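Chemist: model the structure of this input:
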Amino acid sequence: MSDADGGKPVVPNGPSLCKIHHAAYDRGMLDVRPDYVVQVRPGVLLEQDGPMLKYGIQAVHDVRLALPARPTHRPDRDLLAQRFAAFAGT
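Modeler: I've put the predicted structure just below:
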């Protein structure tokens with residue numbers, strides 16, 4: 001979940017992530033653009049630290065999230081945009 005809206009654990013507040021990706025998301029290693037595409041921080045993409053980093057984190061860069069069929073079950077684009085702006089440094 002994102003920190004938007006106080007970090008409430010509700011569907012529109014952020015993507016559902018596994019433990020590994022949630023930790024990377026919380027630590028600012030990756031984020032999700034409002035068009036539901038994952039972005040990994042450039043510095044993290046350059047690191048070399050074994051298969052977990054390579055296949056677990058770096059491999060999700062520029063991958064679009066699989067979305068629920070119902071739009072009401074998807075993360076809110078405006079909340080993603082707020083968080084992504086901070087991630088991107090704008």
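
Chemist: all the strands of this structure, residue numbers only.
Modeler: In the chain, the strands defined using DSSP state E lie at 30-32, 38-40.

Chemist: pairing partners for the last one, with directions?
Modeler: When you say that, I think you mean strand 38-40. Strand 38-40 has the following strand partners under DSSP bridges: strand 30-32 (antiparallel).

Chemist: can you say which of the strands of the chain is nearest to residue 81?
Modeler: Taking CB to CB, strand 30-32 is the member of the strands of the chain nearest to residue 81, at 10.0 Å. Where C-beta positions appear, they are placed from N, C-alpha and C, glycine not excepted.

Chemist: give me the contact list for that closest one.
Modeler: For strand 30-32, contacts defined as CB atoms under 8 Å, 6 or more residues apart in numbering pick out 14-15, 21, 24-25, 38-41, 44, 57, 60-61, 65, 75, 80, 83-84, 87-88.

Chemist: pLDDT averaged over the longest helix along the chain - what is it?
Modeler: Across the chain, the longest stretch assigned as helix under DSSP state H is helix 77-88. In this model, helix 77-88 carries a mean pLDDT of 93.

Chemist: and it, how far out from the chain's middle?
Modeler: Averaged C-alpha coordinates place helix 77-88 at 10 Å from its chain's average position (CA atoms, centre = their mean, to the nearest Å).

Chemist: could you say what helices and strands that helix packs with?
Modeler: Contacting helix 77-88 under the criterion 3 or more CB pairs under 8 Å, 6 or more residues apart in numbering; DSSP states H and E are the following elements: strand 30-32, strand 38-40.
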